[in-house]
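Undergrad: here are the coordinates; sequence isn't available:
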């Protein structure tokens, strides 16, 4: 709850929150903060937008919430400890707002952006010194009240007590799982999770052409590998093709030049056509799948066939070969096994090459993916489950260079990324460190 702890001495405590931008994410952050007992200010361009967002606030918490417009009520942020920006994903629009906020924000308050992938350095470049010291990325996943992940990203100039205040607020007040990420494009969760999606779009094409149906692809890329039942296409129907298209464009601009993800930042032609005509997913009434109402009042699921680009009745997935132990499908000598290895296995290998680039350690990476995308195991936990020696042996037999962390593991002489007997994990330096 938003109460000061007499046993904890810190120069900054967050007990009140001003949320600027009351769309889905802003309203969710406001609702979670109010539910935790914090005073909340909600501001947006119009009163209608704010009033619409009030529907996300629990009725019992409405007495803690004040509202207003950005044009008329920015001075009110002076009375709040945390100023959280949650407006449109546009660098220049955000920077313009930050300058206005600085005119009214009080000393020792903290300020953040809920951007899902814009690097902090682009938002803070050339900004006032006080802003840079008080600024961080605080990235929640949607829906805020359900998803555990809270990514916290400092800048080079962010004061340590700012990160301490955000971390304590996220974990203790909001009861979130705080993950410490570095200032890289899409941070941790979306960097890896969206690689799975975007690479999956492209790599699945040859399997579709070989006669494997979309329903089966989703079935393979779900429970058999420890992912949610939505699989690939079902997950994108939840997220929205419009969101994924924006993610791809952001990655294309901001990924390191040598990053493997560059091959997948643009949609394949069929998925791009779906996006362009507004066939975005559940939010638009259908994307890769939809529910239609029949004459007798019952509902039927249809799938948009990516080969002939027509709707058809959904077929049960072909379950042959799927009822094996967790992850074993990755090593099956079959088309489905190749599919799982190339798309899901490829995502594990991609993640294994990103430490220490996106996070200082594998623990933050694993937690981000479990809490943000609901995987049973994070990438490194899953590699341990599969057996790193088994994975390394396959890569070496196929003359595939080992990703950074698998190479570090091999050279360390260790067998696993986690040593549970000592509650430690393998660092990028090849040495084991205690899990904090």
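TA: All right, it came through fine. Everything numeric here is computed off the predicted structure, so don't read it as measured data.

Undergrad: how far does stretch 372-392 stretch from start to finish?
TA: Taking C-alpha to C-alpha, to the nearest Å, the first and last residues of stretch 372-392 lie 27 Å apart.

Undergrad: any idea how far residue 34 is from residue 150?
TA: 17 Å (C-beta to C-beta, to the nearest Å). Where you see a C-beta, it was placed from the backbone N, CA and C, and this is true even at glycine.

Undergrad: try residue 424
TA: 25 Å.

Undergrad: more neighbours: those two, which one.
TA: It is residue 150, of residue 424 and residue 150, that has more neighbours when counted by other C-beta atoms under 10 Å, with 25 against 16.

Undergrad: tell me how many other residues crowd residue 164.
TA: Quick note: residue 164 (other C-beta under 10 Å) scores 14 neighbours.

Undergrad: just for the protein, where's the confidence low?
TA: 1-10, 317-321, 323 (pLDDT under 70).

Undergrad: and the strands in it?
TA: Per DSSP state E, the chain carries strands over the ranges 16-20, 39-44, 65-69, 82-85, 110-113, 135-140, 149-154, 177-180, 289-293, 299-305, 310-313, 418-419, 424-426, 432-434.

Undergrad: and the shortest one, what other elements does it pack with?
TA: Under the contact criterion of 3 or more C-beta pairs under 8 Å, 6 or more residues apart in numbering; DSSP states H and E, strand 418-419 touches helix 379-386, strand 424-426.

Undergrad: could you give the separation of stretch 143-159 from the chain centroid?
TA: 11 Å (C-alpha atoms, centre = their mean, to the nearest Å).

Undergrad: hang on, I meant stretch 86-97
TA: 19 Å.

Undergrad: that older thread, want to try CSV for the strands of the chain, with distance to residue 407 as columns?
TA: Converted to CSV, the strands of the chain look like this (distance: least, C-beta to C-beta, whole Å):
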stretch, distance to residue 407
strand 16-20, 43
strand 39-44, 48
strand 65-69, 52
strand 82-85, 40
strand 110-113, 35
strand 135-140, 30
strand 149-154, 27
strand 177-180, 24
strand 289-293, 40
strand 299-305, 41
strand 310-313, 45
strand 418-419, 17
strand 424-426, 11
strand 432-434, 16
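
Undergrad: for residue 355, which of those is the nearest?
TA: Closest of the strands of the chain to residue 355 is strand 424-426, at 9.5 Å (criterion: C-beta to C-beta).

Undergrad: strand partners (parallel or antiparallel) of the closest one?
TA: strand 418-419 (antiparallel), strand 432-434 (antiparallel) (DSSP bridges).

Undergrad: ranking the ones you listed by burial, who's on top?
TA: strand 418-419 (a mean of 18; mean count of other C-beta atoms under 10 Å).

Undergrad: number of residues surrounding residue 161?
TA: If you count neighbours by other C-beta under 10 Å, residue 161 ends up with 15.

Undergrad: would you confirm that it contacts residue 108?
TA: No - Residue 161 is beyond contact range of residue 108, at 9.0 Å (criterion: C-beta atoms under 8 Å).

Undergrad: anything in contact with each of those two?
TA: 11, 12 (C-beta atoms under 8 Å, 6 or more residues apart in numbering).

Undergrad: just give me the neighbour total for residue 183.
TA: Residue 183 has 19 neighbours, counted by other C-beta under 10 Å.

Undergrad: and residue 414, by the same measure?
TA: A count of neighbours around residue 414, defined by other C-beta under 10 Å, yields 17.

Undergrad: return the residues in contact with it.
TA: 426, 432.

Undergrad: and what of residue 384?
TA: Residues in contact with residue 384 (C-beta under 8 Å, 6+ apart) are 377, 416, 417, 418.

Undergrad: and it, how far is that from residue 366?
TA: Distance of residue 384 to residue 366, computed by C-beta to C-beta: 10 Å.

Undergrad: most neighbours, which of the contacts of residue 384?
TA: residue 417 (28 neighbours).

Undergrad: how close does the closest residue to residue 428 other than its chain neighbours sit to residue 427?
TA: Spatial nearest neighbour of residue 428, excluding adjacent residues (C-beta to C-beta, 6 or more residues apart in numbering): residue 356 at 4.4 Å. Distance, residue 356 to residue 427, using C-beta to C-beta: 8 Å.

Undergrad: ok, those two, which is more surrounded?
TA: More crowded of residue 356 and residue 427, by other C-beta under 10 Å: residue 427, with 19 against 14.

Undergrad: surely that one touches residue 434?
TA: No - assessed by C-beta under 8 Å, residue 427 is found out of contact with residue 434, at 10.5 Å.

Undergrad: hmm, back to that, could you dump the helices and strands packed on strand 418-419 into JSON lines with distance to residue 177 added?
TA: Conversion of the helices and strands packed on strand 418-419 to JSON lines gives the following (distance: least, C-beta to C-beta, whole Å):
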{"stretch": "helix 379-386", "distance to residue 177": "15"}
{"stretch": "strand 424-426", "distance to residue 177": "17"}
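
Undergrad: winner for burial among those?
TA: helix 379-386 (a mean of 23).

Undergrad: contact partners for the nearest residue to residue 65 once chain neighbours are set aside?
TA: Counting by C-beta to C-beta, 6+ apart, residue 40 is the residue found nearest to residue 65 once chain neighbours are left out, at 4.8 Å. Shown in contact with residue 40 (C-beta under 8 Å, 6+ apart): 16, 17, 18, 19, 30, 33, 34, 64, 65, 66.
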